[in-house]
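*Asks:* Structure for this input, please:
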Amino acid sequence: MKELKEPCKSAIANKRCMGCVGLAELDWQEPEKCPYLLTAQESINKIWNNLGVQERIKL
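*Replies:* Numbers count the residues shown, from 1 in each chain. Below you'll find the model as predicted:
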């Protein structure tokens, strides 16, 4: 079994991820950027998009 690389290794170790289905495949390659681990700003942008917010409110 091959060793996990980043970003998967730390995400699984920090319990931010349970691992992709692809981990079971022998030829699976870790992505450079995981589509499921979002930064705080990416999460906020996704929420705004889901709510239909068109522009940012400056506080």
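*Asks:* Every contact and neighbour count from this point should use C-alpha atoms.
*Replies:* Will do.
*Asks:* how long is stretch 14-34 from one end to the other?
*Replies:* This stretch, stretch 14-34, spans 15 Å end to end (Cα to Cα, to the nearest Å).
*Asks:* what's in contact with it?
*Replies:* 4-8, 11-12, 37 (Cα atoms under 8 Å, 6 or more residues apart in numbering).
*Asks:* Quick one: buried ones out of the residues you listed?
*Replies:* Buried residues within the contacts of stretch 14-34, counting neighbours by 16 or more other Cα atoms under 10 Å: residue 8.
*Asks:* so which of the contacts of stretch 14-34 comes closest to residue 50?
*Replies:* residue 37 (17.4 Å; Cα to Cα).
*Asks:* Check this protein and tell me which residue is nearest its centre.
*Replies:* The geometric centre of the chain, computed from its C-alpha atoms, lies nearest to residue 37 (Cα atoms, centre = their mean), at 1.6 Å.
*Asks:* quick one: secondary structure of that residue?
*Replies:* coil (DSSP: H, G, I helix; E, B strand; the rest coil).
*Asks:* give the contact list for it.
*Replies:* Counting by Cα under 8 Å, 6+ apart, residue 37 touches 16-17.
*Asks:* Good, we can wrap up now.
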